[in-house]
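Chemist: Here is a sequence with its predicted model. Questions after.
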There are 2 protein chains.
Amino acid sequence: MKALLVDNSGDNPVMVIGEHPDPEPADKELLVKIEATALNRADLLQKTGKYPPPVGESPILGLEMAGVVESVGDGVTKFEKGDPVFGLLGGGGYAEYCTIHEDLAMPMPEAFSFEEAAAIPEVFLTAFQAVIWLAELDEGETILIHAGASGVGTAAIQLAELLRNARIAVTAGSDEKLELCRSLGARLLINYKRQNHSDIIEAELGKNSVNVIIDFVGSPYWHDNLKVMAMDSRLVYLAMLGGATVENMSIVPILRKRLTIKGSTLRNRNTAYKARLTKEFYSNTINLFKNVKLSPVIDSVYDWKDVEKAHSRMENNQNAGKIVLNGM
Amino acid sequence: MKALLVDNSGDNPVMVIGEHPDPEPADKELLVKIEATALNRADLLQKTGKYPPPVGESPILGLEMAGVVESVGDGVTKFEKGDPVFGLLGGGGYAEYCTIHEDLAMPMPEAFSFEEAAAIPEVFLTAFQAVIWLAELDEGETILIHAGASGVGTAAIQLAELLRNARIAVTAGSDEKLELCRSLGARLLINYKRQNHSDIIEAELGKNSVNVIIDFVGSPYWHDNLKVMAMDSRLVYLAMLGGATVENMSIVPILRKRLTIKGSTLRNRNTAYKARLTKEFYSNTINLFKNVKLSPVIDSVYDWKDVEKAHSRMENNQNAGKIVLNGM
């Protein structure tokens, strides 16, 4: 089959279409003809060798896909040839075909194109895991979502709004991105380039007013995060794009406000965990997706031949929502 | 009634027996003739004015007691006059009488004296909350309990051993204290005055080998704690007796090892929370207490007239286990 492979012959690694052995479905796996995949920041790291795929996963980039079942391995009971499916991959999305465990595949809602469905798994499952499972956002609580216009951010806003009727604050780096967040359900919009988020939150929502924070930024926001957190509130780290080291870190608010601080990534979880997450996510959201109350935010769609342009767009933080590849 | 009151007339506050209005049981409350109470570190702080009682609680010191029901308020269904009970108090244990919500009172097991029963609530409920509720210790996991010979430490060791069959490591400051921990079920004994706990744990149990840590020490142990924590492990802060400020704190292990870090105290929880905790603790442990498989570690018993000697013993870290007061 054809697949996007990393070419390291030049100064910088670039993706080129090449030949790769066809994947073969093991027991309980589907072989899927991929119609669309979507970019994740992990792809940029993996391309440069900084984020090797977990053991046993495809060396090909691509953590999600939508496509059509081509054939099924032994013991598959949930799908058959011809079914449109989408789901999370440990790798292998940048290719004509992939395999996926049937418990990680979800039936595609009719309302969606392949491009839309491919934009759902990674960001929505990550957001569902963070907001619902890890942070245990309760009905009507206040949530602060950093990088609100990112893929996971836009999914987190929608899930917080539609599943928990939450009061939603977001940070983003441009008024356009904040407007996107507002259109999805965010009510307090903070431009981190002009504003300090804890000042705005204390002024608008009060001191110690945030029940849940979803953070991708890391050390630059630590002190401001802990300042606005309420009693019994939860802070979930999904990345630390802005830095990892905090000085003058105090345990006092952790103890006094009974805080919970968690870190998590989705990719290195085992299949059983991902299957449980996929199942619970699907049952909680499928009707919202069918009615298009929930929908992926798509920034742009590129033919997979133009993957380098797509990667550049993400590298330069130009996207708001998901960047999709098709044409494989 | 008589009660121990704080006398601030000298250079340092001291406790003296004086007169205090009798408490009156509100709806769903018991009036209890106290036979024994026990010391907690919070008492030392409260005596000096540093830890004021929560709003609505008795200004008298004392967070736990055992005694006999003297009368019951309206709506009480679980107890009657003459029942021996023990339980957690928001305050008021250093007195002849106290009131307690019936959902916070537990029937005393026959195997125990009042002195033994009075030594149970605060440390065992705190340990149960930390080990079972907050850290969610699983069957057979490895737990590191700092200050293993403290009241909460000795309770945590027993609960980890008997409820979860855990592999238990402890730190303490003397060989006598470590021997006490060993007798309760601890298997890896670390003298923090001579040894660095992460070195010993890595050598004896391996790198990233600890699933749960219960910490009262705070900043001096932060880096060593995070070093030995396993994937998906949990760190619970119950105090920060050694300091609160951490330099060079890294978010990397929080994210990479998917850590959970929580802070908690029991005293400022509401009655509904304490009632749920009391109920679940009682149903999980009562048979173990009846068979004396679980038992409080009592350091010493003082007549309440000698409360200042008892306080000195705790202030100087001379106790291993609980210090009890009786004779009221």
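Modeler: Arrived safely.

Chemist: where does A:Val152 land in three-state SS?
Modeler: helix (DSSP: H, G, I helix; E, B strand; the rest coil).

Chemist: ok, it touching A:Leu238?
Modeler: Yes: counting by Cβ atoms under 8 Å, A:Val152 does reach A:Leu238; the two are 6.5 Å apart. For glycine as for every other residue, the C-beta is placed from the backbone atoms N, C-alpha and C.

Chemist: Now do the shared contacts for those two.
Modeler: A:126, A:130, A:214, A:216 (Cβ atoms under 8 Å, 6 or more residues apart in numbering or on different chains).

Chemist: Quick one: these as TSV, columns for neighbour count, secondary structure and pLDDT too.
Modeler: What follows is these, written out as TSV (neighbours: other Cβ atoms under 10 Å in any protein chain shown; DSSP: H, G, I helix; E, B strand; the rest coil; pLDDT from 0 to 100):
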residue	neighbour count	secondary structure	pLDDT
A:Thr126	25	helix	96
A:Ala130	27	helix	98
A:Ile214	28	strand	98
A:Phe216	20	coil	94
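
Chemist: And those residues, which is closest to B:Ser283?
Modeler: A:Ala130 (33.3 Å; Cβ to Cβ).

Chemist: Tell me the residues of the stretch 1-150 of chain A that contact chain B?
Modeler: Counting by Cβ under 8 Å from any Cβ of the partner chain, no position of the stretch 1-150 of chain A is adjacent to chain B.

Chemist: What distance do you get for the closest residue to A:Leu45 other than its chain neighbours to B:Arg194?
Modeler: Nearest non-adjacent residue to A:Leu45, counting by Cβ to Cβ, 6 or more residues apart in numbering or on different chains: A:Tyr51, 3.6 Å away. With distances taken as Cβ to Cβ, to the nearest Å, A:Tyr51 is found 42 Å from B:Arg194.

Chemist: Which one's more surrounded, these two?
Modeler: Between A:Tyr51 and B:Arg194, counted using other Cβ atoms under 10 Å in any protein chain shown, A:Tyr51 has the larger neighbour count: 15 against 9.

Chemist: So that one sits against A:Ala42, correct?
Modeler: Yes: if you go by Cβ under 8 Å, A:Tyr51 and A:Ala42 touch, sitting 5.5 Å apart.

Chemist: could you list every residue that touches the residue of the stretch 101-250 of chain A found nearest chain B?
Modeler: Across the stretch 101-250 of chain A, no residue is closer to chain B than A:Met249, which sits at 4.0 Å (Cβ to the nearest Cβ). Counting by Cβ under 8 Å, 6+ apart, A:Met249 makes contact with A:222, B:245-247, B:249.

Chemist: just the buried members of the residues you listed?
Modeler: The neighbour-count test (16 or more other Cβ atoms under 10 Å in any protein chain shown) marks A:222, B:246, B:249 as buried among the contacts of A:Met249.

Chemist: What part of chain A, helix or strand, is modelled with the least confidence?
Modeler: Least confident helix or strand, chain A: helix A:41-47 with a mean of 92, by mean pLDDT, DSSP states H and E.

Chemist: list the helices and strands that helix packs on?
Modeler: helix A:307-315 (3 or more Cβ pairs under 8 Å, 6 or more residues apart in numbering or on different chains; DSSP states H and E).

Chemist: got a list of contacts for the helix it packs on?
Modeler: Contacts for helix A:307-315 (Cβ under 8 Å, 6+ apart): A:4, A:14-15, A:39, A:41, A:43-44, A:47, A:94, A:299-300, A:302, A:319, A:323, A:325.

Chemist: picking up where we left off before, per-residue pLDDT, the residue of the stretch 101-250 of chain A closest to chain B?
Modeler: On the pLDDT scale, A:Met249 is placed at 97.

Chemist: now it, which residues is it bridged with?
Modeler: B:Val246 (DSSP bridges).

Chemist: I'd assumed A:Pro23 was in contact with A:Ser71.
Modeler: No: the criterion here is Cβ under 8 Å, and A:Ser71 misses it with A:Pro23 at 10.9 Å.

Chemist: Please enumerate the strands of the stretch 101-250 of chain A.
Modeler: A:105-107, A:142-145, A:167-172, A:188-191, A:210-215, A:229-237, A:245-246, A:249-250 (DSSP state E, counting those that start in this stretch).

Chemist: Now render the ones you listed as JSON lines, adding distance to A:Ile60.
Modeler: Below are the strands of the stretch 101-250 of chain A laid out as JSON lines (distance: least, Cβ to Cβ, whole Å):
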{"stretch": "strand A:105-107", "distance to A:Ile60": "18"}
{"stretch": "strand A:142-145", "distance to A:Ile60": "31"}
{"stretch": "strand A:167-172", "distance to A:Ile60": "32"}
{"stretch": "strand A:188-191", "distance to A:Ile60": "38"}
{"stretch": "strand A:210-215", "distance to A:Ile60": "29"}
{"stretch": "strand A:229-237", "distance to A:Ile60": "28"}
{"stretch": "strand A:245-246", "distance to A:Ile60": "34"}
{"stretch": "strand A:249-250", "distance to A:Ile60": "40"}
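
Chemist: which one of those lies closest to B:Leu104?
Modeler: Shortest distance between B:Leu104 and those, using Cβ to Cβ, is found for strand A:229-237: 20.2 Å.

Chemist: mind listing what A:Ile251 touches?
Modeler: B:218-219, B:222, B:237, B:240, B:244-246, B:263.

Chemist: closest to B:Met229 among these?
Modeler: Using Cβ to Cβ, B:Trp222 comes nearest to B:Met229 of those, at 11.0 Å.

Chemist: Next, the contact list for the nearest residue to that closest one once chain neighbours are set aside, please.
Modeler: Among residues not flanking B:Trp222 along the chain, B:Val246 sits closest, at 4.5 Å (Cβ to Cβ, 6+ apart). By Cβ under 8 Å, 6+ apart, the residues touching B:Val246 are A:246, A:249-251, B:219, B:222-223.

Chemist: If we use 6 Å, what do you get?
Modeler: A:249, B:219, B:222 (Cβ atoms under 6 Å, 6 or more residues apart in numbering or on different chains).

Chemist: Repeat that for A:Ile298.
Modeler: A:119, A:321-322.

Chemist: could I get the contacts of A:Ile251 as CSV with pLDDT?
Modeler: Output for the contacts of A:Ile251, formatted as CSV (pLDDT from 0 to 100):
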residue, pLDDT
B:Gly218, 96
B:Ser219, 96
B:Trp222, 98
B:Tyr237, 98
B:Met240, 94
B:Ala244, 96
B:Thr245, 97
B:Val246, 97
B:Gly263, 97
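
Chemist: Need those residues in JSON lines (columns: distance to B:Leu162).
Modeler: Shown next, in JSON lines, are these (distance: Cβ to Cβ, whole Å):
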{"residue": "B:Gly218", "distance to B:Leu162": "28"}
{"residue": "B:Ser219", "distance to B:Leu162": "32"}
{"residue": "B:Trp222", "distance to B:Leu162": "30"}
{"residue": "B:Tyr237", "distance to B:Leu162": "24"}
{"residue": "B:Met240", "distance to B:Leu162": "28"}
{"residue": "B:Ala244", "distance to B:Leu162": "33"}
{"residue": "B:Thr245", "distance to B:Leu162": "36"}
{"residue": "B:Val246", "distance to B:Leu162": "34"}
{"residue": "B:Gly263", "distance to B:Leu162": "26"}
